[in-house]
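> Have a look; sequence and predicted model below, questions after that.
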Amino acid sequence: MPFHFSFSRLQHLLQATSLAMLTACVIGTPVQAQGTAPAVSQPVEVSVVDIVGRTVRIPVKVDHILLGEGRFLYALALMEGADPLKRIVGWQGELAFADPNGWAVYKQRFPQIERIPLIGRTSEDSVSFEKSVSTKPDIAIFGLGGHGPGRQSGLVKELEKSGVPVVFIDFRAQPVRNTANSIRILGKAVHREAQANAYARFYEEHLQRVQSRVKDIPGNKRPRVFAELLAGVWDGCCHTAGKGNIGEFIDAAGGINIAQGKIPGAIGDLHQEALIAQDPDVYIATGSRPQSSRPMLKAGEGVSAELLGTSLKELALRPGFEVLSSVRSGRAHGLWHNFYDAPTNILAIEAMAKWFYPDLFKDVDPQATMTEINQRFLNALPMQGAYWGDIASRGANK
Amino acid sequence: MTASAATLKQDLTASVQARQPLQPDPVQLARAYKRLSGWRLLVLVLLGTAILGALLTDFTTGSSGLELPTLLHTLLAPDATEPALRVIVWNIRLPYALMAVIVGLALGLAGAEMQTVLANPLASPFTLGLSSAAAFGAALAIVLDWSLPGIPAAWAVPANAFVFAMASALLLDLVARWGGMSTTGVVLFGIALVFSFNALVALLQFIATAEALQGLVFWTMGSLSRATWPKVMALAMALALVLPFSMRNAWRLTALRLGEDRAASFGVDVRRLRLGALLRISLLAALSVAFVGSIGFIGLVAPHIARRLVGDDHRFYLPASALTGALVLSLASVASKSLVPDVIVPVGIVTSLVGIPFFLAIVLKTRGRA
């Protein structure tokens, strides 16, 4: 049994690293249409270069969209207007588990969300080709492995053979580099270019604002940051990101991720002693699951700032955390976990920038950015809740 | 024909011609026995010393690079030192290091008894499906958030793991008792349990969220970073409870190594002996697996190493196996800290990587013997 487990884990790690390398190689490929220019004003097939550099021909009519990950809904919702679910004919069912709060809100507003056929549960292995094809998609949108069918997936070849174009996007492996491009690619692939490009520009402007201000800060002036992923979900401590994932947000916001260079893969567990010895300036916990009897970070849709703060406080009471300077000085923060796989990750980057450099980013207000995203792009179902926040002030309990 | 062979032949011929019985001298025999016992005792002492060394190394190794005087000061006067240091010494290093030794002792002892009562060198507490049952219990808690009523959330996973491991062991006892099964039957039933629980775990994996799946995978690979004082104490108490019973049965277990019939002819109630041993094994293995996850290698390999070091006399073999298990696990803990500092490597992986060379060295060195 242990061999089986470790083997499949190894497989995932290998897959993740090879994908990361692959992406690194093709990154920078400009996203552009490569189809022949239309001579007459008839709708013609266009093509798009996806995030891994494949040129994919997009059908004229895209009414049926298959999503390799349920969380691509966050991206689709930015460009779909009034009914973000309308064209989705099938997806993986992980959204309900990964973001129960968001799911509940969607379900209330769009009860049909439960009737969208599932092509799998949460992992690539659970995705069924037969089920995928039976949804009769015009196009399939996949991510770079991890939670859905990846680049090497046999399913991709099978779908293409049966005439379904497959487009890869990524908000997860290298979110800072890939988010804007992925949005543009998705916009093109589902014929929502104007909205998609508007969001991509909005994203880039905000990212640029943060990056330009922190880029000249020398290393010794940068705060050292530790991000504990899904804090409290597992026994023990210190599940964290090395390269990529939330580690990229820390970089972008001008922090130093203390786990970088230590964790060999994308994610891993830092030794608690190393955390105490390093004593980071800023501690960030991520979380999303609302229900649980053990301490976990509560954040996301419908969560109040107070709840986020007190749930973080509970986490900070675990043995060994009370000695961290970040916890003692109130530089402990909470973040909605799904930012690591959502194009709204700019909110996480802005929130971090403010945590790292409160003075430098006095004029930046992630809350205002969220309001703008809600008004301009998420009319159907705006984000409402504490997606990030600070630890409850001392004395609240204990 | 070489000269020595020629001499040997002459000697043999002489002995046969003289028709002397091949009776060893009783005085010499007693002396040899004493020498052997002395040697076996020495092995135990050496193992114990090595464990102390490993424990000290484990305690002094860590990412914060603390010096021994600082560590000792924190150990002896915790209130006089700064909180971070106190946490490192008292909440992290000490429980982790002690957990490695105690789990090693428990699994080594359980494995030794198991191989004897099942008369099977491939038996280990995990052959009977204990680890798989525990994994299933843990998976219920991790994937479905299902736990026994009245158990605090922080203990849900180990409690479930323990209950399932213990239940599968009791089921096994029941089958052995009612069915009057042979040792082979018990082993086969154990294998059936392994496959059943593995299938059930796979089923849960299939419906698990990515996070739960990851938690489950990490749980199954075993980690000493789950060590806390209550867990260390619970396992230490179980060990203190079980060890006297094991040692009291040492003679009977030694007799059992000669075969069931021979043991029975000495007046050993083989069935009772086997059931008692199974219960002891279940308690130790279930607690170990509940607290640190599956570390299957120790229970299998420590008995083999011990047998090669001290032979089959269970008065020495049982403690030797326990000590060997402790030494291997403690060394594995040191190795994982020195090889990949700052990062937690599941101890199950390191144990195998550290233990296998150790194991092979002993097997190859003594391959002439049984």
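Noted; the coordinates are in hand.

> Would the strand or helix carrying A:L307 count as contacting chain B?
Using DSSP states H and E, A:L307 sits in helix A:305-316. No. Helix A:305-316 does not reach chain B (C-beta under 8 Å from any C-beta of the partner chain); its nearest approach is 11.6 Å. For every residue, glycine as well, the C-beta is placed using N, CA and C.

> Show residues contacting the next helix or strand after that helix.
Per DSSP H and E, helix A:305-316 leads on to helix A:325-328 as the next helix or strand towards the C-terminus. Helix A:325-328 is contacted by residues A:F226, A:D279, A:P280, A:D281, A:V282, A:Y283, A:A316, A:F321, A:E322, A:R331, A:A332, A:I391 when judged by C-beta atoms under 8 Å, 6 or more residues apart in numbering or on different chains.

> Now do the contacts for the last one.
Remark: with contacts taken as C-beta under 8 Å, 6+ apart, A:I391 is in contact with A:G309, A:L312, A:K313, A:A316, A:V327, A:G330, A:A332, A:H333, A:G334.

> Roughly how far does the residue lying closest to the first one once chain neighbours are set aside sit from chain B?
For A:G309, ignoring the flanking residues on the chain, the nearest one in space by C-beta to C-beta, 6 or more residues apart in numbering or on different chains is A:A392 at 3.6 Å. Note on A:A392: its distance to chain B, by C-beta to the nearest C-beta, to the nearest Å, is 20 Å.

> Tell me where the stretch 151-300 of chain A has strands.
If DSSP state E, counting those that start in this stretch is used as the criterion, the strands of the stretch 151-300 of chain A fall at A:166-168, A:224-228, A:239-241, A:256-257, A:267-269, A:282-287.

> in the helix or strand harbouring B:G185, what's buried?
In this structure, B:G185 sits in helix B:183-207 according to DSSP H and E. Of all the residues in helix B:183-207, those buried under the rule 16 or more other C-beta atoms under 10 Å in any protein chain shown are B:183, B:186-187, B:189-190, B:193-194, B:197-198, B:200-201, B:204-205.

> helices or strands next to it in the packing?
Packing contacts for helix B:183-207, counted by 3 or more C-beta pairs under 8 Å, 6 or more residues apart in numbering or on different chains; DSSP states H and E, involve helix B:130-144, helix B:156-178, helix B:210-221.

> what angle sits between the shortest one and helix B:156-178?
Okay, so that is helix B:210-221. Using axes from the mean of the first three to the mean of the last three C-alpha atoms, to 10 degrees, one finds that helix B:210-221 and helix B:156-178 are set 50 degrees apart in direction.

> ok, helix B:210-221 near chain A or not?
Yes. Helix B:210-221 reaches chain A (C-beta under 8 Å from any C-beta) through B:A210, B:E211, B:L213, B:Q214, B:G215, B:L216, B:V217, B:F218, B:W219, B:T220, B:M221.

> neighbours around the last one, how many?
Counted with other C-beta atoms under 10 Å in any protein chain shown, the neighbours of B:M221 add up to 20.

> Same check on the fourth one?
Using other C-beta under 10 Å as the criterion, B:Q214 is surrounded by 20 other residues.

> got a list of what it touches?
A:W234.

> Model confidence score at it, please.
The model reports B:Q214 with a pLDDT of 76.

> those helices in the stretch 251-398 of chain A, which residues are they?
Using DSSP state H, counting those that start in this stretch, the helices of the stretch 251-398 of chain A run over A:272-278, A:305-316, A:325-328, A:346-356, A:366-376.

> Could you single out the most deeply buried of the ones you listed?
helix A:346-356 (a mean of 26; mean count of other C-beta atoms under 10 Å in any protein chain shown).

> Which other helices and strands does that helix contact?
So helix A:346-356, by 3+ C-beta pairs under 8 Å, 6+ apart, packs with helix A:193-214, helix A:246-252, strand A:282-287, strand A:332-336, helix A:366-376, strand A:388-390.

> To A:W234, which of those lies closest?
Nearest of these to A:W234, taken as C-beta to C-beta: strand A:282-287 at 11.8 Å.

> What strands flank that closest one, and is each parallel or antiparallel?
strand A:224-228 (parallel), strand A:332-336 (parallel) (DSSP bridges).

> As TSV, the helices of the stretch 251-398 of chain A with mean pLDDT would be great.
Putting those into TSV (pLDDT from 0 to 100) gives the following:
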stretch	mean pLDDT
helix A:272-278	90
helix A:305-316	92
helix A:325-328	93
helix A:346-356	97
helix A:366-376	96
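
> Make CSV out of the ones you listed and add distance to B:L107.
Below are the helices of the stretch 251-398 of chain A laid out as CSV (distance: least, C-beta to C-beta, whole Å):
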stretch, distance to B:L107
helix A:272-278, 24
helix A:305-316, 33
helix A:325-328, 37
helix A:346-356, 44
helix A:366-376, 51
